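Chemist: Mind folding the following:
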Amino acid sequence: MPLAGIRILALEQFGAGPFGTSHLADLGAEVIKIEDPNAGGDVGRYVPPYASGEDSLFFETFNRGKKSIALDLGTAAGRAIFERLVSVSGAVYSNLRGDVPKKIGITYDDLKGFNPAIVCCSLSGFGMTGPRQAEPGYDYVIQGLTGWMDITGEPDGPPTKSGLSLVDFSTGYVAALALLAGLHAAQRDGEGMDCDVSLYDTALSMLTYPGVWHLNA
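Modeler: Numbers count the residues shown, from 1 in each chain. Here you go, the predicted model:
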């Protein structure tokens, strides 16, 4: 498989983040989900419908082919295990609020001492910097903020969301691409980096030619 031998630690939940790493796992990467036992793990585990017992079809869709470990990074023992995993991994991938990676110590500056080539990819609502970094993001909210709802539906109709969470899915793809680019650079240069990907930036970029028309009207 193309990504065989690459280990990715994923602090992810719900749709956007897990969607991105699901494709990396499909390509052969070893994706290890780091799930917070205090929060009951990935919230996607509790989204119905259920196949049997407590197996969420939503969760299984986005987490196929992955491994999982329950780890509390707020404890000394949990942090020590995480740091050992970082030392033998290629990337740390997260989809949290933009201010959270620094708070919990999973940026490149926090982890380069354990692995100078580690790539730290953050997927958030509004990015790791700027005035909205601490705000959560949600697919349909971002569709409204970036104008997607204005160009969806009938010309004279109300603002309309897409039938699927396309901002989430698009951003998952962009995050996966950013992570792979980071891994390539780290292999070439021996030095990792932060990759900062946001729902908002991705949705704006996906406007493509309608956005260009608007800016040049």
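
Chemist: What residues sit buried inside stretch 132-146?
Modeler: Buried residues in stretch 132-146, counting neighbours by 16 or more other CB atoms under 10 Å, are found at Arg132, Gln133, Gly137, Tyr138, Asp139, Val141, Ile142, Gln143, Leu145, Thr146. In short, each C-beta sits where N, CA and C put it, glycine included.

Chemist: residues in contact with the residue lying closest to the third one once chain neighbours are set aside?
Modeler: Going back to what we said before, that points to Gly137. Leaving out its chain neighbours, the residue that sits closest to Gly137 by CB to CB, 6 or more residues apart in numbering is Gly125, at 1.9 Å. Going by CB atoms under 8 Å, 6 or more residues apart in numbering, Gly125 touches Arg97, Gly98, Arg132, Glu135, Pro136, Gly137, Tyr138, Ile142, Ser198, Leu199, Tyr200.

Chemist: now do Arg97
Modeler: Shown in contact with Arg97 (CB under 8 Å, 6+ apart): Ser124, Gly125, Gln133, Ala134, Glu135, Pro136.

Chemist: Max pairwise distance over these: which two?
Modeler: Gln133 and Pro136 (10.7 Å; CB to CB).

Chemist: first to last residue in stretch 87-97, what's the distance?
Modeler: 25 Å (CA to CA, to the nearest Å).

Chemist: swap that for stretch 95-104, please
Modeler: The straight-line separation of the ends of stretch 95-104 (CA to CA) is 13 Å.

Chemist: And stretch 18-36, by the same measure?
Modeler: In stretch 18-36, first residue to last residue: 15 Å (CA to CA).

Chemist: Buried residues, that stretch. List them.
Modeler: By 16+ other CB under 10 Å, the buried positions in stretch 18-36 come out as 18-25, 29-36.

Chemist: do stretch 84-101 as well
Modeler: Buried-residue list, stretch 84-101, by 16+ other CB under 10 Å: 85-86, 89-101.

Chemist: Could you pull out the strands in the protein for me?
Modeler: For the chain, the strands defined by DSSP state E cover 7-11, 30-35, 67-70, 91-95, 119-124, 193-198.

Chemist: State which helix of this structure is the longest.
Modeler: The longest helix of the chain (DSSP state H) is helix 166-189.
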